[in-house]
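A.B. asks: everything below, folded, please.
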Amino acid sequence: QVQLVESGGGLVQPGGSLRLSCAASGFSVDDYTIGWFRQAPGQEREGVSCISGRDGRTYYSDSVKGRVTISRDGAKNTVYLEMNSLKPEDTSIYYCGRKTGLFRPWTFAQAYDSWGQGTQVTVSS
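C.D. replies: This is a model prediction of the structure:
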């Protein structure tokens, strides 16, 4: 059974940092592209970053490039999202997903077949 569980969200002041975790079970994160998305109320799910299962290449949206680092630990079967210099506009629910749509862009949410329940990130003073 495929399962993804996010954790690590919380309340942080502007300029602060958080590390989100995406623990996978039922498959290996080394075999699939794992993406991080976020969704604020009333808005569409937005791709933040992904790490390719095939070669470990990483991708970032322009809105977080330079502030966010994605990584994975195969032994723990977990993907991480390290976020620094957080801004109020980063406030959202963050989700990780498993990408199975091979020929779809990583930012295309419909290319993912499984999602976690999400973890809330709030950036506020």
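A.B. asks: which strand or helix spans the residue most central in space within the chain?
C.D. replies: The C-alpha lying nearest the average C-alpha coordinate of the chain belongs to residue 36 (Cα atoms, centre = their mean; 2.0 Å). Counting by DSSP states H and E, the element that carries residue 36 is strand 33-39.
A.B. asks: count the residues that sit near residue 2.
C.D. replies: A count of nearby residues for residue 2, using other Cβ atoms under 10 Å, gives 12. Yep, even glycine has a C-beta here, placed from its N, CA and C like the rest.
A.B. asks: give me the pLDDT for the closest residue to it other than its chain neighbours.
C.D. replies: Using Cβ to Cβ, 6 or more residues apart in numbering and skipping residues adjacent in sequence, the residue nearest residue 2 is residue 26, 4.1 Å away. Residue 26 carries a pLDDT value of 97.
A.B. asks: what's the spacing between residue 26 and residue 114?
C.D. replies: 9 Å (Cβ to Cβ, to the nearest Å).
A.B. asks: what do the two both touch?
C.D. replies: Residues touching both residue 26 and residue 114 by Cβ atoms under 8 Å, 6 or more residues apart in numbering: 2, 3.
A.B. asks: who's more crowded, those two?
C.D. replies: Taking other Cβ under 10 Å, residue 26 and residue 114 do not tie; residue 114 has more neighbours (17 against 11).
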